[in-house]
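Enquirer: Okay, sequence plus prediction incoming.
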Amino acid sequence: MSINNYKNLEINKILLERKNKIIINDKSSTDIDNTQILLTISKNIEDLGFLFTKELFNTLCHQKKKNLEILYAQMVPVLKKMVGAHVAHKPFYKNFPQEMISLSDLDIYLNAIIHYWTNGRWAPEYAPQLRFPLENNLYLIKQINIGSFSDFHQIFIEMLKSKGSLSSSDQALLGWYIEKSNPSDLIEQLPESIPSKETLSLVLSKIWEFHPQVYVLVSKFIKTATDILRLVTSLSEGDISLASNTVFRNFSRLERRSILSLLNECKNIEEDMWRYPGKWIRIGEKLHPGDYSEKFPIAFQAFQKIRNGIKVSTFNSRIENRLKDKDIINVLILLEKRPGELARRLDHLLRLFPDSSDEIVHSFSLGVSQISSPVLLQLSAHFLHRDREKSTRSFFPKGNIAKIQVVEKAILPLSKKICQDVVSICDNELIRRFHEKPDLGRVYIAPELKEIIVPLAQRSSSQSLKTYARGSQFTVDGKTNTIRAFIHWKNILGTSTDVDLSLGLYNPDWDFVEHISYTNIRSEKFEGVYHSGDIVTAPDGASEFIDMNLIVLREKNIRYAVFNIYVYSGQGFNEIPECFFGWMEREKPESGEIFEPKAVANKIDLASPTTICLPVLIDLFKMKVYWLDISLKSNPNWVNNIEANRNNVVLISKAMIELVKPNLFDLFSLHGKARGTLVDSPEEAQVRFGINESDDVNPFQVETILSEYL
């Protein structure tokens with residue numbers, strides 16, 4: 001796509017959000033010096049937490065005044081939205097937190113009652129109090145650099161090459177890119193293979209929709225009936241993970257012929273279709289395969305068997321029958337033909353047949369070269385700790401909702417030798433693969449990356465200022481005395497919408513101590529722990545804040561703080577026009593405005609079809625934030641608030657802290673061993689893997705990690 005920088009806001013918007021870069025098309029002129037104007041612009045964006053790099057600053061100094069004005073007008077709204085400063089934050093108590101210190105319990109109670117009686121139309125109007133400028137040197141400035149069209153296109157090339165699922169926001173962005181692309185350019189940019197089947201279905205459906213003239217050139221990517229199922233699901237705007245049901249759309253005669261033709265050419269379609277019989281029955285009702293029984297007989301016969309319930313012998317059914325007979329020899333003979341299935345069943349087989357552990361591991365080793373890198377990485381992390389017993393096990397079911405299932409039933413640990421053997425097989429194969437990639441030279445890997453999870457499955461991840469995989473942890477600045485969390489939302493058109501921000505406080509044993517919520521907006525036990533007041537409707541937008549004094553809480557033996565967000569009025573987050581959560585790290589909470597953009601540590605958009613979200617938990621002893629991004633649907637037996645969900649929240653929080661997933665340190669270490677020489681300091685390195693945006697590779701380069709390092 002050839003796009004002029006100043007005429008197409010979308011390009012720089014995407015680059016700013018994804019890469020902290022902007023494209024400058026107009027040539028600089030040394031005859032122009034607009035340093036004074038640029039200094040003013042720099043000060044304004046610094047208040048939002050951003051700063052130009054020296055290279056970009058020097059380039060912009062020599063731009064025309066008009067170009068700088070246009071750039072500023074385009075850039076600031078994007079930066080504001082990234083940190084949540086694009087809205088007016090209107091808490092119930094506009095002088096928060098000072099009013100929570102000075103008001104009596106009776107005043108607080110009466111104000112809340114009148115607010116509820118008037119259905120949110122009344123709020124107290126206290127005279128604004130003087131606020132001193134923000135005294136806070138904690139915030140980390142995010143630098144904006146010069147970008148290029150190559151940087152822009154690379155975002156989408158990496159999405160196509162990603163070996164993990166994409167988030168819903170990434171899927172929407174990739175769909176936009178395909179729609180706007182020149183079809184011939186797009187075909188040239190497609191990689192030889194698209195590893196993620198979900199991404200493949202999205203790409204094919206968007207080309208089908210917007211560039212049907214070149215669809216035949218990409219149909220070669222379809223290999224199985226399930227590929228076609230995902231394609232039809234994507235064309236129907238359904239869940240391409242296939243975890244939930246889809247209402248399939250009607251198809252034109254030409255579309256029906258095309259889909260049946262593709263299906264007719266696939267191998268073993270009957271067995272593949274029996275993995276999702278209900279979905280295929282519904283699809284058959286839309287495709288009318290009987291109308292094309294002579295032209296596509298293989299597809300027609302498969303639909304006939306599915307519709308009439310004529311089961312075929314599947315690979316999994318043969319495996320299950322031999323497992324029932326305790327026939328491990330023939331189980332392994334079958335699984336050696338499908339190493340990926342053996343990898344997924346490995347732990348289960350080792351538990352079922354402990355006396356055959358060596359034979360099972362040997363069979364696994366024979367097919368390891370055919371198993372995908374993400375699966376090997378997950379197996380390595382899993383078996384690294386399988387010789388230990390855990391109190392909980394947690395699972396993230398496939399789908400577009402960030403659900404979690406926690407099982408409080410421990411499984412017996414496996415022998416240390418078996419675990420070490422599996423880890424060694426996985427790691428050696430990964431090193432062999434990575435060795436084929438270009439040399440890295442001297443490599444430094446920051447130890448902090450041990451706490452950042454590899455972002456393998458992003459399909460249900462929320463869009464955020466800084467994106468992390470669930471279970472990742474990162475450090476709160478040691479000078480932070482107060483964490484100020486915030487939510488902002490706006491009513492659904494014509495309907496009152498009530499969103500509540502809550503905080504649960506727990507001791508080191510996870511015993512509940514106190515909550516801060518609309519039912520308890522001022523802590524009776526801890527100084528400096530306040531809620532800014534409950535708001536029950538937000539026609540013009542509303543915000544709620546919670547201040548948490550870290551020093552006081554640690555002194556009182558509070559270790560865990562879990563933030564909860566509830567839609568009290570019952571709608572899903574996805575129905576609300578805008579709803580987001582974030583937090584600021586403040587050294588002196590009484591200075592500055594209630595909302596200070598440059599103090600925002602992170603911001604996360606809430607858009608899941610659920611009514612409860614657990615965004616983060618904080619370990620106050622370790623000064624660590626755990627990234628949760630967990631969505632829950634309210635149970636009809638519960639009241640939708642923090643008091644009713646205490647036990648459930650604790651169970652999930654404990655499971656997330658104990659979560660065992662591959663981390664970035666281990667992944668990058670395998671690359672360092674395979675492709676370079678590991679060094680002990682960043683100064684010695686040619687390539688730095690770290691946690692800062694200035695590092696060559698950092699956790700926020702999700703697409704790069706999934707495409708180039710897996």
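Expert: Looks like it arrived, so ask away.
Enquirer: For the residue most central in space within the chain, which three-state class applies?
Expert: Nearest to the mean C-alpha position of the chain, by CA atoms, centre = their mean, lies Ser461 at 2.6 Å. Going by DSSP: H, G, I helix; E, B strand; the rest coil, the secondary structure assigned to Ser461 is coil.
Enquirer: For it, give me phi and psi.
Expert: phi -70, psi 140 (degrees, to the nearest 10).
Enquirer: For it, which non-adjacent residue is spatially closest?
Expert: Ser167 (4.3 Å; CB to CB, 6 or more residues apart in numbering). Every C-beta, even on glycine, is put in place using the N, C-alpha and C of the backbone.
Enquirer: pretty sure that neighbour is touching Ser464, no?
Expert: No. Ser167 is beyond contact range of Ser464, at 9.7 Å (criterion: CB atoms under 8 Å).
Enquirer: what are the ranges of the helices in the stretch 351-500 of the chain?
Expert: Taking DSSP state H, counting those that start in this stretch as the test, the helices found in the stretch 351-500 of the chain are 357-366, 373-384, 416-434.
Enquirer: Format those as CSV; extra columns: mean neighbour count.
Expert: Shown next, in CSV, are the helices of the stretch 351-500 of the chain (neighbours: other CB atoms under 10 Å):
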stretch, mean neighbour count
helix 357-366, 17
helix 373-384, 20
helix 416-434, 18
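Enquirer: could I get those helices as a markdown table with mean pLDDT and distance to Asn308?
Expert: Listed next are the helices of the stretch 351-500 of the chain as a markdown table, based on pLDDT from 0 to 100; distance: least, CB to CB, whole Å:
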| stretch | mean pLDDT | distance to Asn308 |
| --- | --- | --- |
| helix 357-366 | 97 | 37 |
| helix 373-384 | 96 | 36 |
| helix 416-434 | 98 | 43 |
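Enquirer: Nearest to Ile114 among those helices would be which one?
Expert: helix 373-384 (54.5 Å; CB to CB).
Enquirer: Counting by contacts, list what the closest one packs against.
Expert: Counting contacts by 3 or more CB pairs under 8 Å, 6 or more residues apart in numbering; DSSP states H and E, helix 373-384 packs against helix 339-352, helix 416-434, helix 664-675.
Enquirer: Show me how far the longest one is from its chain's centre.
Expert: Here helix 416-434 shows a centroid-to-chain-centroid distance of 28 Å under the convention CA atoms, centre = their mean, to the nearest Å.
Enquirer: do the same with stretch 358-365
Expert: Counting by CA atoms, centre = their mean, stretch 358-365 comes out at 35 Å from the chain centroid.
Enquirer: Stretch 380-391 now?
Expert: Counting by CA atoms, centre = their mean, stretch 380-391 comes out at 25 Å from the chain centroid.
Enquirer: How about stretch 493-510?
Expert: With CA atoms, centre = their mean, you get 21 Å for stretch 493-510.
Enquirer: If you count neighbours, what's buried in that stretch?
Expert: 497-506 (16 or more other CB atoms under 10 Å).
Enquirer: just to revisit the earlier point, wait, what's in contact with the residue nearest to the centre of the chain?
Expert: Contact analysis of Ser461 by CB atoms under 8 Å, 6 or more residues apart in numbering lists 167, 402, 455, 467, 469-470, 629.
Enquirer: Which one of those residues sits in the busiest neighbourhood?
Expert: Counting neighbours by other CB atoms under 10 Å, Pro455 leads those with 26 neighbours.
Enquirer: surely that one meets Arg470?
Expert: No. Counting by CB under 8 Å, Pro455 does not reach Arg470; the two are 9.0 Å apart.
Enquirer: hang on, the earlier thing: now the helices and strands packed on helix 373-384 as TSV including distance to His89?
Expert: TSV is the format used below for the helices and strands packed on helix 373-384 (distance: least, CB to CB, whole Å):
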stretch	distance to His89
helix 339-352	47
helix 416-434	47
helix 664-675	34
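Enquirer: picking up where we left off before, and the helices of the stretch 351-500 of the chain as JSON lines, adding distance to Glu708?
Expert: Rendered in JSON lines, the data for the helices of the stretch 351-500 of the chain read as follows (distance: least, CB to CB, whole Å):
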{"stretch": "helix 357-366", "distance to Glu708": "27"}
{"stretch": "helix 373-384", "distance to Glu708": "11"}
{"stretch": "helix 416-434", "distance to Glu708": "10"}
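Enquirer: For Phe512, which of those is the nearest?
Expert: helix 373-384 (31.6 Å).
Enquirer: was I right about Ile445 contacting Leu670?
Expert: No. Look at Ile445 against Leu670 with CB under 8 Å: they stay out of range, at 10.3 Å.
Enquirer: low-scoring pLDDT stretches of the stretch 501-650 of the chain, where are they?
Expert: 634-647 (pLDDT under 70).
Enquirer: where do the helices sit along it?
Expert: 550-555, 646-657.
Enquirer: hey, which of the ones you listed is tucked in deepest?
Expert: helix 646-657 (a mean of 19; mean count of other CB atoms under 10 Å).
Enquirer: Run through the neighbouring helices and strands of it.
Expert: Packed on helix 646-657, when contacts are counted by 3+ CB pairs under 8 Å, 6+ apart, are strand 393-395, strand 405-407, strand 499-506, strand 512-516, strand 560-567, strand 612-619, strand 624-632.
Enquirer: Give me the domain ranges for the protein.
Expert: As assigned by automatic domain parsing, the chain contains the domains 149-307, 315-394+416-428, 473-657.
Enquirer: Could you dump those domains into JSON lines with distance to Leu103 added?
Expert: Listed next are the domains of the chain as JSON lines, based on distance: least, CB to CB, whole Å:
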{"stretch": "domain 149-307", "distance to Leu103": "41"}
{"stretch": "domain 315-394+416-428", "distance to Leu103": "42"}
{"stretch": "domain 473-657", "distance to Leu103": "8"}
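Enquirer: hey, which of these is tucked in deepest?
Expert: Most buried among these, counting by mean count of other CB under 10 Å: domain 473-657, with a mean of 19.
Enquirer: Now the terminal residues of it, how far apart.
Expert: Start-to-end span of domain 473-657 (CA to CA, to the nearest Å) is 9 Å.
Enquirer: repeat for stretch 516-525
Expert: By CA to CA, one end of stretch 516-525 lies 11 Å from the other end.
Enquirer: One more: stretch 595-605?
Expert: First-to-last residue span, stretch 595-605, CA to CA: 17 Å.
Enquirer: Name the residues that touch it?
Expert: Against stretch 595-605 from outside (CB under 8 Å, 6+ apart): 46-49, 80, 82-85, 89, 134, 136, 138-139, 141, 462-466, 476, 484, 486, 543, 545, 579-586, 592, 615, 625, 629.
Enquirer: picking that back up, backbone phi and psi for the residue nearest to Ser461, please?
Expert: phi -70, psi 170.
Enquirer: where do the helices sit along the stretch 201-350 of the chain?
Expert: Using DSSP H, counting those that start in this stretch, the helices assigned to the stretch 201-350 of the chain run over residues 215-218, 225-235, 253-265, 269-273, 277-287, 297-307, 315-324, 328-335, 339-352.
Enquirer: Let me have those helices in JSON lines, extended by mean pLDDT.
Expert: Compiled in JSON lines, these are given as follows (pLDDT from 0 to 100):
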{"stretch": "helix 215-218", "mean pLDDT": "84"}
{"stretch": "helix 225-235", "mean pLDDT": "97"}
{"stretch": "helix 253-265", "mean pLDDT": "95"}
{"stretch": "helix 269-273", "mean pLDDT": "94"}
{"stretch": "helix 277-287", "mean pLDDT": "97"}
{"stretch": "helix 297-307", "mean pLDDT": "96"}
{"stretch": "helix 315-324", "mean pLDDT": "93"}
{"stretch": "helix 328-335", "mean pLDDT": "96"}
{"stretch": "helix 339-352", "mean pLDDT": "96"}
